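Enquirer: Using only what follows, build the 3D model:
(one chain, ligands or ions: 1)
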Amino acid sequence: MGLLWPSVALANFYDVELAYHVDDSLQQSAAQVQALPESAWRSNGSRNLSLGYTQAAVWFRIRVTSLAAFPQEGLLEIGYPVLGSLRIYQTEHLRDHTLAPLELGAERPFSQRLIRHRNFVLPLNLSSGESTEWLVRVETKTSMQFPITMHDRAVFEDEEQSRLIAHGVYVGVVLAMLAYNAYLLIALRDIVYLWYIGWMLTFAGFVLTIGGMSYQWLWPNAPSWNLTALPMLLSLATLCGVLFMSSLVQLQAHSRWGWRMSRVLVALQLTLALGALVLPYKLAILMAIGGAVICMLGVMFLAARLAVQQVATARMFLMTFSVVVLAGCLLAASKLGWLPASRWIDHAPQISSALEMLLFSIVLAARMEAERKLREQTQRDMLAQHVQWKAELETKVAERTDELKQLNHSLAKLSRTDALTGLFNRRYLEECIDTELARSQQEGLQVALYMVDIDHFKRLNDTHGHAAGDVCLRAVAQRLLACTRPGQDVLVRWGGEEFCLVALWADTRQAADMGEQLRAAVCDAYIEHGALQMKASVSIGLAVGSPRTRLEMLDLQQRADESLYAAKALGRNRCVCATLPSGLGSLLPA
Ligand SMILES: Nc1nc2c(ncn2[C@@H]2O[C@H](COP(=O)(O)OP(=O)(O)OP(=O)(O)O)[C@@H](O)[C@H]2O)c(=O)[nH]1
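Expert: Model prediction:
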C-alpha cells in the first residue's frame with residue numbers, strides 16, 4: 001500500500017492560502033482584480049473550493065510561502081480536470097504588460113499544457129521563506145470546483161508513479177473482464193453478457209473521463225467532445241446497467257410490471273444519452289445525474305422486490321450493487337466535506353467499479369452454475385419421465401397385445417365355428433385334414449368319413465317354420481356330437497342341413513357301427529320346440545379308406561357323398577358304407 005499511497009506530509013513545507021472573487025460582469029482585468037481591496041476576497045480556509053454551477057468568471061488568488069529551510073522545487077496542482085478555461089497570472093509579472101497569461105483548461109487542446117498531466121499542474125520553485133501569488137481566472141460550463149495542492153516535485157513524481165500503477169491495474173482489470181465476458185458472450189450467446197460488457201465499457205469510460213485520463217490518452221485534441229462524453233457515458237452506463245440487471249434476474253419472467261418499468265428507464269436513459277449531443281453541458285450533466293439516480297433507485301427497488309420473492313440472482317445483484325452505491329456515497333460525503341479527504345475515497349469510483357466488475361462476474365458465474373444445475377436436473381427429470389413413460393407404454397402395449405391375441409383367438413374360433421349349432425364349420429375341417437391324415441398313418445388307422453343329411457328337412461321347415469328348423473338343426477348337431485369321441489373325432493356342420501364327421505377306426509366294422517349309432521341317436525327321441533314335438537332322422541353316407549393325400553381325401557369324401565345319395569335313394573334313415581364288400585347297400589333297415 002505504501003507504494004500506491006505514499007505520505008503527503010511534504011505538503012507541509014508550504015503555506016498555501018486560497019481566496020476567490022466572483023466577477024459577474026466577466027469584464028474585469030487582472031490588474032483590476034489585483035487592485036481590489038481585501039474585503040472583495042472571500043475564503044473559508046479550505047484548499048478545495050466548490051462553488052457549484054455559475055455563469056460568472058471566478059478569480060482565485062493563490063498565495064504560496066515556502067516553509068522549508070532550503071530551496072524547493074514545487075508543483076501546484078489544480079485537481080479538477082474538466083474546468084473549461086483557466087487564465088493564470090503571476091502577480092509580480094502583472095506590471096510587465098508584455099508577459100501574456102498562461103492559458104489552460106479542458107476547452108483547450110491537451111498539447112497546450114505545460115506539464116502533460118490529466119490535472120492542471122504548474123511548476124513553482126521557491127527559495128527558503130519566499131512567497132509568491134497567483135491569480136487564476138476560471139470560466140467553465142462544469143461545476144466550479146477548485147481543489148489545489150502544493151507538491152514537492154520529487155514526491156509528486158513518486159506519487160504519480162503510484163497513480164499510474166493504480167490506473168494501469170484498473171484498466172487491466174477492465175480489459176481482462178471485457179475479454180473474458182466477450183468470450184462468454186460468443187460461447188454462450190446469452191444477451192446478459194452483452195449488457196455487462198456495455199456497462200463495463202461505458203462505466204469505465206465515465207470513470208476515466210471524469211478523472212481526466214480519457215482526455216489525456218484517448219481524445220487529447222477534442223476538448224468539446226470531452227464535455228459531451230461525460231453525460232453521454234453516464235447515461236449509457238446507466239442504460240446498460242438497467243438492461244444488465246433486467247436480463248440477469250430475468251425480470252420479464254418474474255415481474256411483468258417490473259419489466260415494463262425497466263423499459264421506461266431504458267427509454268429515459270437513451271433519450272438522455274442522445275440529448276447529451278445537443279444540450280448544453282450543464283443541463284446535460286444535471287439530467288444525466290438525475291436520470292442515473294432515478295435508475296439506481298428503480299433498479300434497487302426492483303431487485304429488492306425480487307430478492308424478497310427468493311430470486312437468488314436478484315439477491316446477489318443487490319449485494320453487489322450496494323458496493324457501488326456505498327462507494328458513491330463515500331465519494332459524495334468526501335466531496336461535501338463530511339469525511340476527511342483520503343486517497344482511498346478519491347479512487348472510490350475506480351476501486352468500486354473494478355470490484356463491481358469482479359463481483360458481477362462471480363454473480364454471472366453463479367448464475368451459470370445454477371442454470372447448469374437446473375439443466376441437469378431437468379434432464380434427469382425428463383429421463384426419469386421418459387423411463388416411466390416407456391414402462392407405461394410397454395405395459396399398455398403388452399395389455400393391447402394380449403387383448404389382440406384374445407381377439408384374434410376369438411375371431412379365429414368364430415371363423416371356424418358355426419353360429420347356429422356351435423359345431424366347427426367346414427373351414428375347420430379343411431385345417432384339420434392334414435393332421436388327421438398324419439394321425440391315421442402314424443397310428444395305422446383307417447379314415448372313416450361320414451356325410452350326414454337330415455331327411456325331409458325342407459318339409460319340416462315348410463310345415464313348422466324356419467325357427468323350428470333351426471331348433472331341429474341344433475338338436476341333431478348335439479345328438480351327433482354326443483356320439484363322437486372328444487379330442488379324436490372331428491364333427492362339423494358341412495352346410496345347410498348337412499354334417500360331416502371324420503373319425504379314425506381300426507376297421508370298417510367299427511366305422512359302420514358308429515354310423516349306426518349316429519343314425520339311431522338322431523331318430524331315437526322327439527325334438528321339442530315349445531309345445532311341438534318333432535321327429536327327425538338322418539341319412540348317412542360313409543366311406544372308409546386309407547387316404548395319404550388331400551386328393552385321396554377328396555376322393556373319399558366323394559364316395560361318402562355317393563353313399564349318401566344311395567342312402568337317400570334306399571329310403572332314408574340309414575347309413576350306407578361305400579367300402580363294404582357288398583358295395584353300396586344298406587347296413588341296417590330303417
Ligand atoms: N331352418 C333352417 N333351414 C335351413 C337351413 N339351412 C338350410 N335349410 C333348409 O334346408 C332345406 C333343405 O332341403 P332339401 O335340400 O330339399 O332337402 P330335404 O328337404 O331334406 O330333402 P332330402 O334331403 O331329400 O330328404 C331347405 O329348405 C333349406 O332352406 C338353416 O340353417 N335353417
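Enquirer: Alpha carbons of stretch 163-171, as CSV, please.
Expert: Taking C-alpha atoms only, stretch 163-171 is exported to CSV below (Å, rounded to 0.1, in the frame of the first residue of the first chain):
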residue,chain,number,x,y,z
ARG,A,163,-1.3,6.7,-9.5
LEU,A,164,-0.3,5.3,-12.9
ILE,A,165,0.1,1.9,-11.5
ALA,A,166,-3.4,2.2,-9.9
HIS,A,167,-4.8,3.4,-13.2
GLY,A,168,-3.0,0.6,-15.0
VAL,A,169,-4.4,-2.0,-12.6
TYR,A,170,-7.8,-0.6,-13.1
VAL,A,171,-7.6,-0.5,-16.9
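Enquirer: List the buried residues of it.
Expert: 163, 166, 167, 170, 171 (16 or more other Cβ atoms under 10 Å). C-beta here means a position set from N, CA and C on the backbone, and glycine is covered the same way.
Enquirer: what would those look like in CSV with secondary structure?
Expert: Output for the buried residues of stretch 163-171, formatted as CSV (DSSP: H, G, I helix; E, B strand; the rest coil):
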residue, secondary structure
163, helix
166, helix
167, helix
170, helix
171, helix
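Enquirer: out of the residues you listed, which touch the ligand?
Expert: Checked against the ligand using Cβ under 6 Å from any ligand atom, the buried residues of stretch 163-171 give no members in range.
Enquirer: What's the first helix or strand after the helix or strand bottoming out on mean pLDDT in the chain?
Expert: The least trusted helix or strand in the chain, going by mean pLDDT, DSSP states H and E, turns out to be helix 343-346, with a mean of 63. Next along the chain after helix 343-346, taking DSSP states H and E as the criterion, comes helix 348-415.
Enquirer: which element follows that next one toward the C-terminus?
Expert: Going down the chain from helix 348-415, the next helix or strand is strand 424-425, by DSSP H and E.
Enquirer: same question for that following strand, mean pLDDT?
Expert: What strand 424-425 shows for mean pLDDT is 95.
Enquirer: That one near the ligand anywhere?
Expert: No: judged by Cβ under 6 Å from any ligand atom, strand 424-425 makes no contact with the ligand; its nearest approach is 12.2 Å.
Enquirer: what angle sits between the helix or strand just after that strand and helix 348-415?
Expert: Moving toward the C-terminus from strand 424-425, the next helix or strand (DSSP H and E) is helix 426-443. Between the axes of helix 426-443 and helix 348-415, defined by axes from the mean of the first three to the mean of the last three Cα atoms, to 10 degrees, the angle is 80 degrees.
Enquirer: CA atoms of helix 426-443 as PDB?
Expert: Taking C-alpha atoms only, helix 426-443 is exported to PDB below (Å, rounded to 0.1, in the frame of the first residue of the first chain):
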ATOM      1  CA  ARG A 426     -66.200 -76.700 -43.000                       C
ATOM      2  CA  ARG A 427     -63.200 -74.500 -42.900                       C
ATOM      3  CA  TYR A 428     -62.100 -76.100 -39.600                       C
ATOM      4  CA  LEU A 429     -62.300 -79.500 -41.200                       C
ATOM      5  CA  GLU A 430     -60.100 -78.200 -44.100                       C
ATOM      6  CA  GLU A 431     -57.500 -77.200 -41.500                       C
ATOM      7  CA  CYS A 432     -57.700 -80.500 -39.700                       C
ATOM      8  CA  ILE A 433     -57.300 -82.800 -42.700                       C
ATOM      9  CA  ASP A 434     -53.500 -82.900 -42.700                       C
ATOM     10  CA  THR A 435     -53.400 -83.700 -39.000                       C
ATOM     11  CA  GLU A 436     -56.000 -86.400 -39.400                       C
ATOM     12  CA  LEU A 437     -54.200 -87.900 -42.400                       C
ATOM     13  CA  ALA A 438     -50.900 -87.900 -40.500                       C
ATOM     14  CA  ARG A 439     -52.500 -89.400 -37.400                       C
ATOM     15  CA  SER A 440     -54.100 -92.200 -39.400                       C
ATOM     16  CA  GLN A 441     -50.800 -93.100 -40.900                       C
ATOM     17  CA  GLN A 442     -48.900 -92.900 -37.600                       C
ATOM     18  CA  GLU A 443     -51.400 -95.000 -35.700                       C
END
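Enquirer: All set now, cheers.
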